[in-house]
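**Q** Okay, here's the prediction I keep looking at, along with the sequence it came from:
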Amino acid sequence: MRDASAGVGADFPTEDPPGRDGAPGSAPVYSVELRPSGWRYACSSTSTLLQAAAKAGIRLRSSCRNGTCRTCMCIMLEGKVRYDTEWPGVASDEQAEGWILPCVAVPESDVVLSAPKASGLVPRPPSNNLTGARRG
């Protein structure tokens, strides 16, 4: 299993993030495992699986980030999610087969995803370009 020391993934936080009501520690934090890579990251119940992956340095395929394009679609092998949108772009028969949309899926338990195209985010090198107004 890879972890933050390998440059991808994240250590689990020691404190829960604030909940939707802003109270500290009121949002459960769940474990997300990606297969076949074995990468793991934490995802609170106030964040989508896609947002938490990016925060952990993991790139999951995505485009629209609103549940319509299906670019991020992958199979959930274990766990339970709810959707942030009323009409996620996954048919009920696809949901029954385990297909989910991480861009709008919020965990309700620990989750295991089949995401063979997941990759590590490559940090951008610092830019030497000057921006803004120049003083002469």
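**A** On my side now, so go ahead.
**Q** Tell me, how many residues neighbour residue 109?
**A** If you count neighbours by other Cβ atoms under 10 Å, residue 109 ends up with 12. In short, each C-beta sits where N, CA and C put it, glycine included.
**Q** How far does the longest helix out of those in the chain sit from its chain's centre?
**A** As assigned by DSSP state H, the longest helix anywhere in the chain is helix 49-55. Relative to the centre of its chain, helix 49-55 is centred 3 Å away, using Cα atoms, centre = their mean, to the nearest Å.
**Q** Need the residues that contact it.
**A** The contact list for helix 49-55 (Cβ atoms under 8 Å, 6 or more residues apart in numbering) reads 10, 32, 34, 41-44, 47, 59-60, 62, 65, 72, 81, 100, 102-103, 105-107, 111, 113, 118, 121.
**Q** Whichever of the residues you listed end up buried, select them in PyMOL.
**A** Buried residues among the contacts of helix 49-55 (16 or more other Cβ atoms under 10 Å), as a PyMOL selection:
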select buried, resi 10+32+34+41+42+43+44+47+59+60+62+65+72+81+100+102+103+105+106+107+111+113+118
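**Q** Which members of the contacts of helix 49-55 are positioned in strands?
**A** Counting by DSSP state E, the contacts of helix 49-55 place 32, 34, 41-44, 59, 81, 100, 105-107, 111, 113 in strands.
**Q** Present these as a markdown table; the columns should include pLDDT and distance to residue 94.
**A** Formatted as a markdown table, these follow (pLDDT from 0 to 100; distance: Cβ to Cβ, whole Å):
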| residue | pLDDT | distance to residue 94 |
| --- | --- | --- |
| 32 | 98 | 20 |
| 34 | 97 | 20 |
| 41 | 97 | 24 |
| 42 | 97 | 27 |
| 43 | 98 | 22 |
| 44 | 96 | 26 |
| 59 | 95 | 23 |
| 81 | 96 | 14 |
| 100 | 95 | 9 |
| 105 | 96 | 13 |
| 106 | 97 | 18 |
| 107 | 98 | 19 |
| 111 | 98 | 17 |
| 113 | 98 | 15 |
